[in-house]
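Novice: Turn this into a model:
(one chain, ligands or ions: 1)
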Amino acid sequence: MSMIQKIADIPEELLYQVPKRFDIVGDIAVVSVPAELELYKLPVAEHIASTRGNIRGVLNKVTKLKGEHRVAGFEVLLGDIPVIIHEEFGFRYRMDLREVFFNGRLAFERQRVSSKVRADEDVIVPFCGIGPFAIPAAAKGAKVVAIEKNPHACRWLFENVRLNNVDGNIHPILADASDIGSFLKARFDRAIIPTPYGMDDFLEKLLPFVRKGGNVHFYAFKKQYQIEELMGQYSDMGLDVVEHRRCGNIAPSISRWAFDMVKE
Ligand SMILES: C[S@@+](CC[C@H](N)C(=O)[O-])C[C@H]1O[C@@H](n2cnc3c(N)ncnc32)[C@H](O)[C@@H]1O
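Specialist: Numbers count the residues shown, from 1 in each chain. I've put the predicted structure just below:
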């Protein structure tokens, strides 16, 4: 049995390292325990679980998001964590976080965008992951094409489409969105593009698929000083930037920015 069983056993000089923030996905807490607390990660997990009544398990994020599937490495600190069911604005998403990308902090952004979707629209969502942008749009009655390259994420997407009863309105495609010209001919009224880091060029590739007057919600990871020049570039591409907003920091000076634009 471990000698260290309680948070109180952590030496005073390390206490400030105990994470005060963690994410909740479904009933699982997701935390990044600093390397200095390696010996104490079980009591840290128990402490986190004790802060709320409904935490079933604790995952430690041991590597950052990696590769094109943007999946982090996790270890299970507490509980038996097979599949997580996360609820967001009335929708349910099943997933295994060890296989897919999911960020619950984007819930309000997703709600903001889906509130603009109308029932008569054709919507495209490249980089759709397990479906948190695509499924609410389909629930509004729109016809949605959702593209995802990670086969695990695509499998969860299919399951979540059924779980949320939007089968009739979503066409999920397991494909590399960069090849979009080779498998898609349709045109869309709205594109929701939760771009992975480093794929800004994709916007230009997608624009021919958006109808004149159509809406584009594009996400990019940028520093504040880059935003003005970026909006100039979008304007040169024939996009009217209606709104732009910061929606989350990903590094000390880099944020995720949302650009709501209309194709002129
Ligand atoms: C930033 S995540 C966004 C996921 C989802 N939209 C969400 O909000 O949870 C990016 C997603 O794009 C997928 N992806 C990365 N490169 C891709 C590509 N070339 N074609 C299609 N999907 C890709 C990743 O597997 C990942 O699921």
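
Novice: helix or strand for residue 162, which one?
Specialist: helix 151-163 (DSSP states H and E).

Novice: let me redo that: residue 119
Specialist: Residue-wise, residue 119 maps onto no helix or strand under DSSP H and E.

Novice: what number of residues lie near it?
Specialist: When neighbours are defined as other C-beta atoms under 10 Å, residue 119 has 10 of them. The C-beta positions use only the backbone N, C-alpha and C, and glycine is treated the same way.

Novice: Equivalent analysis for residue 213, please.
Specialist: Using other C-beta under 10 Å, residue 213 is surrounded by 10 other residues.

Novice: That one falls within a strand, correct?
Specialist: Yes - counting by DSSP: H, G, I helix; E, B strand; the rest coil, residue 213 is part of a strand.

Novice: List the buried residues in the helix holding residue 162.
Specialist: For helix 151-163, burial by neighbour count (16 or more other C-beta atoms under 10 Å) applies to 152, 153, 154, 155, 156, 157, 158, 159, 160, 161, 163.

Novice: Restricting to C-alpha, output that helix in PDB.
Specialist: Coordinates of each C-alpha in helix 151-163 appear next as PDB, following Å, rounded to 0.1, in the frame of the first residue of the first chain:
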ATOM      1  CA  PRO A 151     -11.500   6.700 -38.100                       C
ATOM      2  CA  HIS A 152     -12.100   6.500 -34.400                       C
ATOM      3  CA  ALA A 153     -13.700  10.000 -34.300                       C
ATOM      4  CA  CYS A 154     -15.700   9.000 -37.400                       C
ATOM      5  CA  ARG A 155     -17.000   5.900 -35.600                       C
ATOM      6  CA  TRP A 156     -18.100   8.000 -32.600                       C
ATOM      7  CA  LEU A 157     -19.600  10.500 -34.900                       C
ATOM      8  CA  PHE A 158     -21.800   7.800 -36.500                       C
ATOM      9  CA  GLU A 159     -22.800   6.700 -33.000                       C
ATOM     10  CA  ASN A 160     -23.500  10.200 -31.800                       C
ATOM     11  CA  VAL A 161     -25.600  10.900 -34.900                       C
ATOM     12  CA  ARG A 162     -27.800   8.000 -33.900                       C
ATOM     13  CA  LEU A 163     -27.800   8.900 -30.200                       C
END
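
Novice: Can you list the strands that the helix or strand that that helix is followed by pairs with?
Specialist: Sequence-wise, the next helix or strand beyond helix 151-163 is strand 170-174, with elements assigned using DSSP H and E. Using DSSP bridges, the strands paired with strand 170-174 in its sheet are strand 143-148 (parallel).

Novice: So the closest residue to the ligand within the chain: helix, strand or coil?
Specialist: Taking C-beta to the nearest ligand atom as the measure, the point where the chain comes nearest the ligand is residue 129, at 2.7 Å. Three-state assignment for residue 129 (three-state DSSP): coil.

Novice: count of residues packed around it?
Specialist: So residue 129, with other C-beta under 10 Å, has 26 neighbours.

Novice: I'd say it and residue 155 touch.
Specialist: No - look at residue 129 against residue 155 with C-beta atoms under 8 Å: they stay out of range, at 11.7 Å.

Novice: re earlier: in the buried residues of helix 151-163, find the pair that's most separated.
Specialist: Maximum pairwise distance among those (C-beta to C-beta): 16.2 Å, between 152 and 163.

Novice: Up against the ligand, what does the chain have?
Specialist: 68-70, 101-103, 106, 126-129, 132-133, 147-150, 153, 176-178, 194, 196 (C-beta under 6 Å from any ligand atom).

Novice: Buried members of the residues you listed into PyMOL, please.
Specialist: To isolate the buried ones among the residues of the chain next to the ligand in PyMOL, judged by 16+ other C-beta under 10 Å, type:
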select buried, resi 69+70+101+102+103+106+126+127+128+129+132+133+147+148+149+150+153+177+194+196
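
Novice: Neighbours of the residue nearest to residue 57 when sequence neighbours are not counted, how many?
Specialist: In space, and not counting its chain neighbours, residue 57 is closest to residue 79: 2.5 Å by C-beta to C-beta, 6 or more residues apart in numbering. Counted by other C-beta under 10 Å, the residues lying close to residue 79 total 16.
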